[in-house]
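*Asks:* I'll drop the sequence and a predicted model, then ask my questions.
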Amino acid sequence: MQKYTDLVQILQQRAIADSPKIAYRFLQNGTTESGCLTYQELDLQASAIASMLQSLVSPGSRALLIYSYDAGLEFVAAFMGCLYAGVVAVTTTPPRQSKDLKKLAQRVTSSGAEVILTTEDFIQAIKGKVAKNIDLVNKFKHLKCFTTDNLDLALAKDWKQPIISPDTLAFFQYTSGSTGNPKGVMVTHENILYNQEMIRQGFAHDKSTIVVGWLPLFHDMGLIGNVLQPLFLGVESILMSPVSLAKQPFEWLKAITNYQATTSGGPNFAYDLLCLKATPEKLAELDLGSWSVAFSGAETVRAETIERFSHIFANCGFNKSAFYPCYGMAETTLFITGGVQKEKPKIKYVESFSLEQNKVVETTPNKSESKAIVSCGKPWLDTEIIIVNHENLTRCENKTVGEIWVRGSGVSQGYWNQEVETQDTFQVYLADSEDKQWLRTGDLGFLANGELYITGRLKEVMIFWGRYCYPQHVEQTVQKAHPALRENAGAAFAIETEGAERLVIVQEVERSYLRSLNIEEIVTAICHAVGQEHEVEVSAIGLIKTGSIPKTSSGKIQRRACAKKFVENSLNVIAKWQPGDSEKTVTEIFNL
């Protein structure tokens with residue numbers, strides 16, 4: 001691969017060498033294209049946007065990119081336009097409701113953005129809503145606003161090449177907020193290019209790679225994986241709205257079929273959703289034989305999902321060895337570990353009880369107390385990983401669970417304007433050595449034969465009677481307890497009551513069960529399953545409406561937000577239970 005110094009240089013060279021080649025297509029669904037961009041067209045649009053930005057703000061200023069899920073090509077052009085101007089792009093979730101404007105205002109404040117890049121439709125949609133709220137008016141009034149969908153391309157002639165070095169900030173990637181307030185991760189051109197090379201090698205990408213992606217473009221997986229990796233490779237990327245997955249999940253697989261894509265993926269829940277919606281008629285329309293990298297990350301990769309998906313879609317040409325579990329985070333630009341492409345995912349079965357003692361004791365899958373944990377592969381290039389005891393900051397012994405610490409060229413520069421948080425996360429050292437600086441991920445796991453196995457999240461680990469209990473493990477148990485309970489739509493968390501932590505379950509109900517819900521049966525099933533599997537008493541259960549559990553923009557369950565809403569009684573609750581309620585009538589318990 002040719003060595004590059006920055007992303008602007010890459011696109012400029014692509015515009016010369018591959019000028020007529022299509023770089024990006026955007027699909028309204030799996031079959032209908034709404035537009036495309038060649039490398040030459042993207043270079044021209046980026047130059048015009050950069051020229052306007054250079055007339056409005058100085059290099060190093062921040063620009064907030066606000067684009068609807070359907071405006072994928074406009075987002076790509078605006079992002080590259082920021083880089084062409086030497087302006088730091090700030091990605092954000094497109095607001096879909098009035099309450100989202102407050103979050104948008106917080107993003108403006110935290111990033112110090114001076115300009116907004118967006119579309120004319122967005123401006124018209126929010127103008128009235130902002131005008132009705134004086135606080136929002138004050139938050140937004142200093143901002144310059146520039147719409148890019150009615151661009152005068154003649155502006156490109158006035159563009160001036162910015163001064164960019166490897167350590168120049170390219171963009172802020174905000175954390176998901178799954179464990180706290182979102183923070184702006186500062187990503188440089190060097191971080192991006194190094195991470196792109198890691199992905200290229202880990203995924204075994206080459207000039208024959210074809211990418212299909214539905215992940216949100218403001219999210220690290222969507223931006224780094226589905227937009228910038230194809231640019232880095234000089235290959236085509238077919239983009240879709242994440243709304244397509246929510247409404248018609250099989251449109252994703254139709255796109256893979258139609259374009260014979262080689263790389264596509266998403267979080268575990270997306271594969272579960274496809275399994276749920278599969279019918280013989282839908283499967284008959286698919287040809288997934290080209291799909292060689294089905295990456296899975298951003299949330300726990302479940303062994304049962306891999307097995308179920310591989311079985312259901314085998315007759316469509318899907319090969320289990322295409323599954324590519326991987327691990328990454330915004331703080332490391334994206335990619336940290338991944339397997340060897342074309343190798344089947346590695347799965348270890350360990351004793352659940354021992355795992356709760358932070359010990360790794362291997363067992364067999366047929367044992368009732370066994371827990372399947374999927375390998376997320378190995379680190380690539382110069383990336384190093386160690387497992388650390390988070391209490392005394394020393395390396396963990398072999399076969400011991402601890403916090404995952406990372407170092408390498410893909411690790412970003414820290415959190416924007418948050419010095420204390422940056423020191424606590426990006427600038428940590430082992431207690432017995434100050435030779436190397438590490439990034440604390442906050443994730444828990446262990447290493448075996450050089451491969452990383454994720455077991456949970458440090459900040460979300462619950463402790464009952466001195467034992468560690470992982471929320472995702474409890475959530476899995478709950479969702480298997482009764483068919484009325486939705487997969488990937490529950491939260492387990494602890495609330496302190498009377499000096500002790502108590503387990504609370506909040507769980508969505510399948511829509512088809514809402515009209516004939518046997519609440520007592522479900523509550524009994526949850527309590528029994530959790531007690532049997534985890535030896536923990538459930539202190540409260542909240543059954544909530546379909547699609548109402550708090551999630552991040554990338555689909556992660558927001559357990560903290562869920563706990564807060566549970567305490568405030570602001571969840572969309574169908575039924576709420578706690579011990580002692582069984583002595584009352586169902587009508588009294590649930591206010592039916």
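*Replies:* It's in. Residues are numbered from 1 along each chain as shown.
*Asks:* CA only for contacts and neighbour counts going forward, please
*Replies:* Fine.
*Asks:* continuing past the helix or strand that contains Phe353, what's the next helix or strand?
*Replies:* Using DSSP states H and E, Phe353 maps to helix 352-355. Along the chain past helix 352-355, the next helix or strand (assigned with DSSP H and E) turns out to be strand 370-374.
*Asks:* who's in contact with the helix or strand following that following strand?
*Replies:* Counting by DSSP H and E, the next helix or strand C-terminal to strand 370-374 is strand 378-379. For strand 378-379, the external contacting residues (C-alpha atoms under 8 Å, 6 or more residues apart in numbering) are Ile336, Thr337, Gly338, Gly339, Ile385, Gly450, Glu451, Leu452.
*Asks:* Just give me how far strand 378-379 sits from the chain centre.
*Replies:* Centre-to-centre, strand 378-379 and its host chain are 19 Å apart (C-alpha atoms, centre = their mean, to the nearest Å).
*Asks:* Longest strand in this protein, by number of residues?
*Replies:* When the chain is scanned for its longest strand (criterion: DSSP state E), the result is strand 485-497.
*Asks:* Average pLDDT for the very next helix or strand once past it, rounded please.
*Replies:* The first helix or strand that comes after strand 485-497 along the chain, using DSSP H and E, is strand 500-509. When pLDDT is averaged along strand 500-509, the result is 91.
*Asks:* Off-centre distance for strand 500-509?
*Replies:* For strand 500-509, the separation from the chain centroid amounts to 24 Å (computed by C-alpha atoms, centre = their mean).
*Asks:* Neighbouring strands - and their directions - for that strand?
*Replies:* For strand 500-509, the pairing partners within the sheet under DSSP bridges are strand 485-497 (antiparallel), strand 538-544 (parallel).
*Asks:* quick one: buried residues of that strand?
*Replies:* Within strand 500-509, the residues that count as buried by 16 or more other C-alpha atoms under 10 Å are Glu501, Arg502, Leu503, Val504, Ile505, Val506, Gln507, Glu508, Val509.
*Asks:* For Asn449, the count of nearby residues, please.
*Replies:* As a burial measure, Asn449 scores 6 neighbours (other C-alpha atoms under 10 Å).
*Asks:* quick revisit: what's the most distant pair in the contacts of strand 378-379?
*Replies:* With distances taken as C-alpha to C-alpha, the most widely separated pair in these is Gly339 and Ile385, at 14.7 Å.
*Asks:* Who has more neighbours out of those two?
*Replies:* Neighbours per residue (other C-alpha under 10 Å) separate Gly339 from Ile385, with Gly339 holding more: 25 against 20.
*Asks:* which residues touch that one?
*Replies:* Gly339 makes contact with Gly202, Tyr324, Pro325, Cys326, Pro345, Ser375, Cys376, Gly377, Lys378, according to C-alpha under 8 Å, 6+ apart.
*Asks:* try Ser244
*Replies:* The contact partners of Ser244, taken as C-alpha under 8 Å, 6+ apart, are Gln28, Asn29, Trp214, Glu251, Trp252.
*Asks:* next one: Thr394
*Replies:* Contact analysis of Thr394 by C-alpha under 8 Å, 6+ apart lists Val388, Leu430, Ala431, Asp432.
*Asks:* and the third one, which of the three is it?
*Replies:* At Ala431, secondary structure determined by DSSP: H, G, I helix; E, B strand; the rest coil is coil.
*Asks:* is it true that it touches Arg395?
*Replies:* No: contact criterion C-alpha atoms under 8 Å: Ala431 and Arg395 do not qualify, at 9.0 Å.
*Asks:* same question for stretch 207-216, mean pLDDT?
*Replies:* The average pLDDT within stretch 207-216 is 96.
*Asks:* Just give the number of residues close to the residue nearest to Tyr470 when sequence neighbours are not counted.
*Replies:* In this structure, Tyr470 finds its nearest non-sequential neighbour in Val461, 5.1 Å apart by C-alpha to C-alpha, 6 or more residues apart in numbering. For Val461, the tally of surrounding residues (other C-alpha under 10 Å) stands at 20.
*Asks:* Repeat that for Ala561.
*Replies:* Ala561 is flanked by 17 other residues according to other C-alpha under 10 Å.
*Asks:* Look up how far Arg486 lies from it.
*Replies:* Taking C-alpha to C-alpha, to the nearest Å as the measure, Ala561 and Arg486 are separated by 19 Å.
*Asks:* List the buried residues of whichever helix or strand His311 is part of.
*Replies:* Mapping His311 onto the secondary structure by DSSP H and E places it in helix 303-312. Residues of helix 303-312 classed as buried under the neighbour-count rule (16+ other C-alpha under 10 Å) are Ala303, Thr305, Ile306, Phe309, Ser310, Ile312.
*Asks:* So which residues make contact with it?
*Replies:* When contacts are defined by C-alpha under 8 Å, 6+ apart, helix 303-312 is touched by residues 268, 271-272, 274-275, 278, 318-320, 323, 347, 372-374.
*Asks:* among these, which are in strands?
*Replies:* Residues of the contacts of helix 303-312 located in strands (DSSP E): Phe323, Ile347, Ala372, Ile373, Val374.
*Asks:* Run the chain-centre distance for stretch 326-338.
*Replies:* Distance, stretch centre to chain centre, for stretch 326-338: 10 Å (C-alpha atoms, centre = their mean).
*Asks:* Just the buried ones among the contacts of strand 378-379, please.
*Replies:* Buried among the contacts of strand 378-379 (16+ other C-alpha under 10 Å): Ile336, Thr337, Gly338, Gly339, Ile385, Glu451, Leu452.
*Asks:* didn't the second one look like it was pressed against Cys326?
*Replies:* This means Thr337. Yes: contact criterion C-alpha under 8 Å: Thr337 and Cys326 qualify, at 5.6 Å.
*Asks:* what's the distance between Lys406 and Asn191?
*Replies:* Quick fix: residue 406 is Val, not Lys. Val406 sits 14 Å away from Asn191 when distances are taken as C-alpha to C-alpha.
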